[in-house]
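Peer 1: Let's see this in three dimensions:
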Amino acid sequence: MEGLRLKKRNHQAVSSRYVLIPLILVCILLIHATWKAYGKYVKSNELRKISEDELFDLKTRDLKLRKDIEELKTDFGKEALIRNKFGLVRNGEQLVVIVDEQKTNTNPILELTLWDKITMFFKGLF
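Peer 2: So this is what the prediction gives:
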């Protein structure tokens, strides 16, 4: 019988307002801290992904630059760069420059009347 009273007294102590309110507050604080930590985890994963993409781009660029440097160490590479960059030719060669025609808009811009603008406005609503 004494054990039953002790259980009842412990149950009443745990279920009292003075114990439940601090427990609820501690739970809320723990949930808040966990939520903030999760937000930082997600943000750090996003930043890691961005950093990995940038690293891949930089490695690709590095390989291209190393290849270009190796090409420029040869006489043929230097000549090819100068020909492409400045459009130079050797003696006896001819240079042909192809220029694209500028395309003009053959459709005239239609001028809308006030009535056309009003009807288009109401058609856009529905």
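Peer 1: Tell me where the model's unsure across the chain.
Peer 2: Judged against pLDDT under 70, the low-scoring parts of the chain cover residues 1-15, 103-109, 126.
Peer 1: So which residue is dead centre in it?
Peer 2: Relative to the mean C-alpha position of the chain, the nearest C-alpha, by CA atoms, centre = their mean, is the one of residue 50, at 7.3 Å.
Peer 1: Pull up the gap between that residue and residue 56, please.
Peer 2: 11 Å (CB to CB, to the nearest Å). Where you see a C-beta, it was placed from the backbone N, CA and C, and this is true even at glycine.
Peer 1: What of residue 28?
Peer 2: Noted for residue 28: a distance of 43 Å to residue 56, by CB to CB.
Peer 1: Residue 20 too?
Peer 2: When CB to CB is applied, the distance between residue 20 and residue 56 equals 54 Å.
Peer 1: where exactly do the helices run in this protein?
Peer 2: Secondary structure of the chain (DSSP state H): helices located at 2-14, 17-72, 75-86, 114-125.
Peer 1: possible to save the ones you listed as CSV with distance to residue 95?
Peer 2: What follows is these, written out as CSV (distance: least, CB to CB, whole Å):
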stretch, distance to residue 95
helix 2-14, 94
helix 17-72, 22
helix 75-86, 9
helix 114-125, 53
